[in-house]
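Asks: Have a look at this prediction, sequence included:
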Amino acid sequence: MGEAEGGALALSVPLTQPIAGLDWFDLDDPDSLELGKLADRYQLHELDIEDVRHGCQRPKIDEHPDYIFVVLKELKSDKTIEFDDFYVFIGRAFLLTVHPGASDTIANAVRRAQEDKEK
């Protein structure tokens, strides 16, 4: 999760790379400027970006020549049952996750990836 190695893309979001060989970017704001920068860099389809920015999408998987776009629902860890959209762009050498606010799912995934990296 982080700034691409080589520094070609400067993001204001402080991220790390828990998985070797994979540029992982995690954005906790679907309206962030960083999403537009990453969309340009990885040539993400404008309709996928529109889906992320507008929210309230049905779960789906869209396959593109250079990446896969997935819309999931994440159960928030509150006392009420609420779901937030969770967006994933998966390419050969990048992973982009986008969600509104903090995500326990991402925190757990990063922790597990870092533990595996240390083994």
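Replies: That came through, no problem. Residues are numbered from 1 along each chain as shown.
Asks: now this protein, which segments are flagged as low pLDDT?
Replies: For the chain, the stretches flagged by pLDDT under 70 are 1-19, 77-78, 117, 119.
Asks: Would you point out which residue is most central in it?
Replies: T97 (0.9 Å; Cα atoms, centre = their mean).
Asks: secondary structure class for it?
Replies: For T97, the secondary structure call by DSSP: H, G, I helix; E, B strand; the rest coil comes out as strand.
Asks: What strand or helix carries the closest residue to it other than its chain neighbours?
Replies: Nearest-residue entry for T97: D26, 4.8 Å, with adjacent residues in sequence omitted and distances by Cβ to Cβ, 6 or more residues apart in numbering. Glycine gets a C-beta too; all of them are placed from N, C-alpha and C. Assessed by DSSP states H and E, D26 sits inside strand 23-27.
Asks: Output that strand as CSV, restricted to C-alpha atoms.
Replies: What follows is strand 23-27, C-alpha atoms only, in CSV (Å, rounded to 0.1, in the frame of the first residue of the first chain):
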residue,chain,number,x,y,z
ASP,A,23,2.2,-1.4,-5.5
TRP,A,24,-0.7,-1.3,-3.1
PHE,A,25,-2.7,1.9,-2.7
ASP,A,26,-5.4,2.2,-0.1
LEU,A,27,-7.7,5.2,-0.3
